[in-house]
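# Here is my input; please provide its structure:
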Amino acid sequence: MKDKTSKSVILFMLILSLVFISGCPGKEPQPKPETQKKIKIGVSLASMEFDGNKIIKKFMEDRSKKEKIQLTWLDAKMDPSQQEKDVDKLIQQKVQAIILQTVDPKEGAKLVDKIVQAKIKVIGLETLPYNAPLDGYVAADHTRVGELQAKFILNQVNGSAQNTQGQSQGQQAGENSQQQDQPAIKSNVKILVIKGDPLDPVAKLIADSARGVLEQSKNVEKVTVQEHPEGDPELAQMTVMNTLQEGSIDAIIATDDRLAEAAVKALKAENKANTVITIGVGADQKTSEALLKGDHDAEIDIMPEQLANFTLDAALDLAKKGNWNNDTIIPNGNFDIPAKIIPVRLIDKEQSHLLLARWGDLKKEEKKAQEEQAGQQEQEQNQEQQGSSESSEGSGSDKEAGQGSKGDKGGQGKKTKVKIVTQDGKVMEVEVDGEIKKIEQGEGGDEKGKEGEEQGSQGGQ
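Below you'll find the predicted structure:
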């Protein structure tokens, strides 16, 4: 008897455990909650007006949707005080890493110190705040940028670019044809280098590198480097205009594309766009289009897609592991900064399609966003109009609103609200049946007719 009771108890417990394991009948097992939290990364950019930054944001956003990344974007709008507020906001949000593109190199070190004290990892993007203890730095090869710019100018003024094409043709048609295609080498070359802010280390690297190559050429007579506080394009445009008035100039090198665009504007205004060689850095949308039109000669593409990819990699690794896969060390005042330097490429008119493909995609997205915004605004306006019809303001002391009969047999069932504002500031609202066809105002007993515009189903003004 005891054995039978024991077996019954064991069987009951077995059935009970199976019920608990399989779950209640009629209910599907609930999915396990996600245990892995998203990595929170803040991005403080100098300005979202820069085309390169638009590409960087697009690339990072696409990655964040596929990976467990929560990105917070803040736009300093080229205002150092705004960027300080943005950094404070990211610190309050307790992000795990901050990607920082500083507006002002002088203020950059203070921002980095604040981030480090909050025990948040910080990665510099393109701009390197002097003597700042960054955890990482990702940038284009700015020294190489200057070298490529200078070599392009020398090739153009010396005819080497044409010679290369002539040699290709000569290999097909014979050495005699090659020699005939070679233009004479130009001497006494004068070059203007439009440099950004005096304290901008990126502008300094590019300008110094370009000048170092140019001054080695015996055919270069003069290299003028002109600095522009805060990289102001308007000042750069004035610099070009003044230089043209002082005498002839053969080529212009710009350390960023805002300055390059300013140079092209000044040259076009003086009908010099086809005689003065120009080359910029950044390959943004406007300079790429100028390149295609022939108003601009070349661009150094800093590869924003790669900048975005490696910067985000650095931020993720630092947030997760505290270190990242850098490939070099850059001295920065009292600190040695782990860094990754991105290769660059020179694009002239013949390769401009490489840039237009990039900006074509961006244009489509911008147009789509504008259409969505316009649609949303139209929807909001329609909702407002449903609550009240358009108001009509008059300037006379008296205003009479007539009733219209357009649309639905004397306007029955429809009402129009008229708002009247007198010259002494009094406001009155009158609601009339139907739609307004005409508004007449009387003054001193003499009535002045004032035809209103017919507004269809929404009434008139």
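
# All the helices of the stretch 101-250 of the chain, in order from the start?
Ranges of helices within the stretch 101-250 of the chain are 105-117, 142-157, 160-173, 175-181, 201-214, 233-246, based on DSSP state H, counting those that start in this stretch.

# got these as JSON lines, with mean pLDDT, distance to D301 and mean neighbour count columns?
C-beta here means a position set from N, CA and C on the backbone, and glycine is covered the same way. Output for the helices of the stretch 101-250 of the chain, formatted as JSON lines (pLDDT from 0 to 100; distance: least, Cβ to Cβ, whole Å; neighbours: other Cβ atoms under 10 Å):
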{"stretch": "helix 105-117", "mean pLDDT": "92", "distance to D301": "24", "mean neighbour count": "18"}
{"stretch": "helix 142-157", "mean pLDDT": "95", "distance to D301": "10", "mean neighbour count": "22"}
{"stretch": "helix 160-173", "mean pLDDT": "42", "distance to D301": "18", "mean neighbour count": "14"}
{"stretch": "helix 175-181", "mean pLDDT": "43", "distance to D301": "29", "mean neighbour count": "13"}
{"stretch": "helix 201-214", "mean pLDDT": "94", "distance to D301": "14", "mean neighbour count": "21"}
{"stretch": "helix 233-246", "mean pLDDT": "94", "distance to D301": "20", "mean neighbour count": "17"}
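
# Quick check: T143 touching L205?
Yes: using Cβ atoms under 8 Å, T143 is in contact with L205, at 5.6 Å.

# where does W324 fall, phi/psi-wise?
As for W324, its main-chain torsions (degrees, to the nearest 10) stand at phi -150, psi 170.

# Same question for G282.
According to degrees, to the nearest 10, G282 has phi 120, psi -30.

# which residues sit in contact with it?
Residues in contact with G282 (Cβ atoms under 8 Å, 6 or more residues apart in numbering) are F50, D51, G52, D256, D257, A260, E299, I300, D301, I302.

# In PyMOL, select just the buried ones from these.
Applying 16 or more other Cβ atoms under 10 Å to the contacts of G282 leaves a buried subset, and the PyMOL line that selects it is:
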select buried, resi 50+51+52+256+257+260+299+300+301+302
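
# Closest to P133 out of the contacts of G282?
I302 (24.9 Å; Cβ to Cβ).

# tell me the contacts of that closest one?
G52, E126, A140, V145, V281, G282, A283, I342, V344.

# burial of the closest residue to the second one other than its chain neighbours, as a residue count?
Nearest in space to E126, with sequence neighbours left out and distances taken as Cβ to Cβ, 6 or more residues apart in numbering, is A139 at 5.0 Å. Around A139 sit 22 other residues, with neighbours defined as other Cβ atoms under 10 Å.

# thought A139 was touching A339?
Yes: applying Cβ under 8 Å as the test, A139 and A339 come out as touching, 7.2 Å apart.

# sorry, back to before: and the helices of the stretch 101-250 of the chain as a markdown table, adding distance to N332?
As requested, those are exported to a markdown table (distance: least, Cβ to Cβ, whole Å):
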| stretch | distance to N332 |
| --- | --- |
| helix 105-117 | 9 |
| helix 142-157 | 14 |
| helix 160-173 | 37 |
| helix 175-181 | 48 |
| helix 201-214 | 9 |
| helix 233-246 | 27 |
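
# Looking at these, which is nearest to L192?
Using Cβ to Cβ, the nearest of the helices of the stretch 101-250 of the chain to L192 is helix 233-246, at 5.5 Å.

# Which SSE is immediately downstream of that closest one?
strand 251-254 (DSSP states H and E).

# Now that next one: average pLDDT?
Averaging pLDDT along strand 251-254 gives 97.

# Could you check the angle the helix or strand where V87 lies makes with helix 105-117?
Per DSSP H and E: V87 is located in helix 80-92. Calculated by axes from the mean of the first three to the mean of the last three Cα atoms, to 10 degrees, helix 80-92 forms an angle of 10 degrees with helix 105-117.

# Which elements pack onto helix 80-92?
strand 39-45, strand 69-75, strand 97-100, helix 105-117 (3 or more Cβ pairs under 8 Å, 6 or more residues apart in numbering; DSSP states H and E).

# Kindly recompute the last result at 7 Å.
For helix 80-92, the packing partners by 3 or more Cβ pairs under 7 Å, 6 or more residues apart in numbering; DSSP states H and E come out as strand 39-45, strand 69-75, helix 105-117.

# Output these in a markdown table; the columns should cover distance to N334.
A markdown table is the format used below for these (distance: least, Cβ to Cβ, whole Å):
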| stretch | distance to N334 |
| --- | --- |
| strand 39-45 | 23 |
| strand 69-75 | 28 |
| helix 105-117 | 10 |
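
# out of these, nearest to A273?
strand 39-45 (31.2 Å).

# List the strands paired with that closest one, with their directions.
strand 69-75 (parallel), strand 97-100 (parallel) (DSSP bridges).

# Most tightly packed of these?
strand 97-100 (a mean of 28; mean count of other Cβ atoms under 10 Å).

# what's in contact with that one?
Here strand 97-100 makes contact (Cβ atoms under 7 Å, 6 or more residues apart in numbering) with 41-44, 90, 111-112, 115, 120-125, 311, 315, 318-319.

# swap the cut-off to 6 Å and go again
The contact list for strand 97-100 (Cβ atoms under 6 Å, 6 or more residues apart in numbering) reads 41-44, 90, 115, 120-125, 311, 315, 318-319.

# can you check stretch 130-150 too?
108-109, 112, 116, 121-126, 128, 202, 205-206, 209-210, 213-214, 253, 279, 281, 300, 302, 310-311, 314, 318, 324, 333-335, 337-342, 344, 346.

# end to end, how far does that stretch reach?
Using Cα to Cα, to the nearest Å, the end-to-end distance of stretch 130-150 comes out at 26 Å.

# What of stretch 311-327?
13 Å.

# what's the average pLDDT for it?
Here the average pLDDT along stretch 311-327 is 96.

# of all the contacts of strand 97-100, which comes closest to A76?
For those, the nearest to A76 is S44 (6.4 Å; Cβ to Cβ).

# Count the residues that sit near the closest one.
Neighbours around S44, by other Cβ under 10 Å: 27.

# Can you name the residues bridging to it?
Residues in beta-bridge contact with S44 (DSSP bridges): L74, L100.

# Average pLDDT for stretch 353-370, rounded please.
Per-residue scores along stretch 353-370 average to 64.

# try stretch 81-98
Rounded mean pLDDT across stretch 81-98 is 97.

# wait, isn't I342 in contact with P304?
No: with contact defined as Cβ atoms under 6 Å, I342 does not reach P304; the gap is 9.2 Å.

# Between these two, tell me which one has more neighbours.
Using other Cβ under 10 Å as the criterion, I342 and P304 rank with P304 on top: 25 against 19.

# Report how many residues lie close to the closest residue to A251 other than its chain neighbours.
Nearest residue to A251, sequence neighbours excluded (Cβ to Cβ, 6+ apart): I277, at 4.0 Å. The number of residues packed near I277 is 20, by other Cβ under 10 Å.

# I277 and L154: what is the separation?
Per Cβ to Cβ, to the nearest Å, I277 is found 10 Å from L154.

# That's all I had, so thanks and see you.
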